[in-house]
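Enquirer: Need a 3D model of the sequence below.
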Amino acid sequence: MLLYVPMERDPIEELYDRYAAMLYRLALSELKNREDAEDAVQAVFEKYVLAPHLFFSREHEKAWMLRVTMNQCRDMLRRRQQRYAVPLDEAADVGVQDAHSEVLDVLEKLPEDYRVPLTLYYFEDCKVEEIARALGLGPSAVKMRLKRGREMMKKELEGESGHD
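Expert: Reported below is the predicted structural model:
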């Protein structure tokens, strides 16, 4: 008689399954390049493996992953800017060609301080508290950035539609 004994999943594999897609979307929104976004996500998981951290909760773990991803993207953008200027056409490589592309275009043009919280809140379904931890801000600062970012987007979208 053969017995089936389920194998335990590797904790790193579980972590990857839980966060990779979200981190990739965040990195892609910042880096505007698929290969760089993949490299950024890989670097985040390498940092986790090389220096495992003890997290108090899944939210704490998620905040750490988001913060390290943002830092990795900033580092990569800094290095990219030092090497060469990035063509503006690369933003079109994201491939969004539906009714939301105008909104996404406006979102991409926002300063990072507003773009990142809006992206995390609306596209990654992060709570204000999670965004605050990930960005090292207070919840009220995140709420203010969300409010101002929405106002900036509304003004830009109304301005664009008013010219047609």
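
Enquirer: hey, C-alpha coordinates of the lowest-mean-pLDDT helix or strand in the chain in CSV?
Expert: Among the helices and strands of the chain, helix 101-109 carries the lowest confidence by mean pLDDT, DSSP states H and E, at a mean of 82. C-alpha atoms of helix 101-109 as CSV (Å, rounded to 0.1, in the frame of the first residue of the first chain):
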residue,chain,number,x,y,z
SER,A,101,-5.1,54.6,-21.3
GLU,A,102,-5.7,58.4,-21.0
VAL,A,103,-6.1,58.1,-17.2
LEU,A,104,-2.9,55.9,-17.1
ASP,A,105,-1.0,58.4,-19.2
VAL,A,106,-2.0,61.2,-16.8
LEU,A,107,-1.1,59.0,-13.8
GLU,A,108,2.4,58.3,-15.3
LYS,A,109,3.1,62.0,-15.6
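
Enquirer: Go ahead and list the helix or strand containing the one residue sitting closest to the centre of the chain.
Expert: Ranked by distance to the mean C-alpha position of the chain (C-alpha atoms, centre = their mean), the top residue is Leu26 at 2.0 Å. Element membership for Leu26, per DSSP states H and E: helix 11-31.

Enquirer: Using CSV, list the CA coordinates for the helix or strand following that helix.
Expert: Reading on from helix 11-31 to the C-terminus, the next helix or strand found by DSSP H and E is helix 34-50. C-alpha atoms of helix 34-50 as CSV (Å, rounded to 0.1, in the frame of the first residue of the first chain):
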residue,chain,number,x,y,z
ARG,A,34,9.4,44.9,-18.8
GLU,A,35,13.0,43.6,-18.6
ASP,A,36,14.0,46.2,-16.0
ALA,A,37,10.8,45.4,-14.0
GLU,A,38,11.6,41.7,-14.0
ASP,A,39,15.2,42.5,-12.9
ALA,A,40,13.9,44.7,-10.1
VAL,A,41,11.6,42.0,-8.8
GLN,A,42,14.3,39.5,-8.9
ALA,A,43,16.6,41.8,-7.0
VAL,A,44,14.0,42.3,-4.3
PHE,A,45,13.6,38.5,-3.8
GLU,A,46,17.4,38.1,-3.8
LYS,A,47,17.6,40.7,-1.0
TYR,A,48,15.0,38.8,0.9
VAL,A,49,16.8,35.5,0.5
LEU,A,50,20.2,36.9,1.4
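
Enquirer: just the angle between helix 34-50 and helix 11-31, please?
Expert: Calculated by axes from the mean of the first three to the mean of the last three C-alpha atoms, to 10 degrees, helix 34-50 forms an angle of 140 degrees with helix 11-31.

Enquirer: If anything else comes up later, I'll come back, but that's it for now.
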